[in-house]
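1. just a sequence and a predicted model for now, questions to come.
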Amino acid sequence: MIKSIVSFLLVLQASVSWALPANLAGTTVIIVRHAEKVDSSEDPDLSEAGKARADLLSKLLADSDVAALFASQFKRTQQTLEPLTKILNLEVQTVDASMTGELVRQISTHFPGKTVVVASHSDRVTEIIEALGGRSVGYLAESEYDNLFVVTLLDNSTADVLRLKY
């Protein structure tokens, strides 16, 4: 069901992008928090539940015409996208978790009008969405791993935000 919704949104975004400003309009950024981790150490691996969630994410986005994958420097974000790298034959591009401006710059410079996926952290997801021109989605609790945000950029300063669970 969610895969169908995401596919529909991507088709809808492609069909209306002609009427939007050229620079960032029509760019879709799918943002997730990393999947469940084994412990609370500084750079933990994903737990078995996290690996299962990462597999689910890869199945959900397999047919979504993703052009790029971004993650922070931490293993858990990169491992969240790992199953998707195999399906899409893409490498994960890393951007320091504290450098939201650089992440947005890379997306806007190299992937305007495309779909990209970002795996980040509970304390960064809202910051990324707002930097892309979206509304605040509020605080994500440490226990929340199932949010998936579809951010569709309308122009250089505004974006629609759809919040899903997976």
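-> Structure's in. What do you need?

2. do a quick rundown of the helices in this structure.
-> 2-16, 48-61, 75-88, 100-110, 125-131 (DSSP state H).

3. number of residues surrounding the nearest residue to residue 127 once chain neighbours are set aside?
-> In space, not counting the residues next to it along the chain, residue 127 is nearest to residue 100; the distance is 5.2 Å by CB to CB, 6 or more residues apart in numbering. For the C-beta atoms, the positions are set from N, CA and C on the backbone; glycine is no exception. A count of neighbours around residue 100, defined by other CB atoms under 10 Å, yields 18.

4. and for residue 63?
-> Using other CB under 10 Å, the number of residues around residue 63 comes to 13.

5. ok, residue 135 next?
-> 13.

6. nearest residue to it in space, please, no chain neighbours.
-> Spatial nearest neighbour of residue 135, chain neighbours left out: residue 161 (5.7 Å); criterion: CB to CB, 6+ apart.

7. which residues touch the one you found?
-> Residue 161 sits next to 129, 134-135, 137, 149-151 when contact means CB atoms under 8 Å, 6 or more residues apart in numbering.

8. now do residue 72
-> Residues in contact with residue 72 (CB under 8 Å, 6+ apart) are 78, 94-97, 119-121, 124.

9. what do you get for residue 157?
-> By CB under 8 Å, 6+ apart, the contact set of residue 157 is residue 133.

10. what of residue 93?
-> By CB under 8 Å, 6+ apart, the contact list for residue 93 reads 68-71, 106.

11. how about those residues in CSV, adding distance to residue 88?
-> As requested, those are arranged in CSV below (distance: CB to CB, whole Å):
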residue, distance to residue 88
68, 9
69, 7
70, 13
71, 14
106, 18
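
12. any idea which of those residues is closest to residue 53?
-> Closest approach to residue 53 among the contacts of residue 93 (CB to CB): residue 71, at 14.6 Å.

13. so what's the most centrally placed residue in the chain bridging to?
-> The chain has residue 31 as the residue nearest its centroid, 2.3 Å off, counting by CA atoms, centre = their mean. Beta-bridge partners for residue 31, by DSSP bridges, are residue 118, residue 149.

14. and it, how close does it get to residue 41?
-> As judged by CB to CB, to the nearest Å, residue 31 and residue 41 stand 24 Å apart.

15. cool, and residue 56?
-> Residue 56 is 24 Å from residue 41, by CB to CB.

16. which one's more surrounded, those two?
-> Between residue 56 and residue 41, counting by other CB under 10 Å, residue 56 is the more crowded of the two (15 against 8).

17. surely the more buried one and residue 166 touch.
-> Yes. In terms of CB atoms under 8 Å, residue 56 counts as a neighbour of residue 166; the distance is 6.1 Å.
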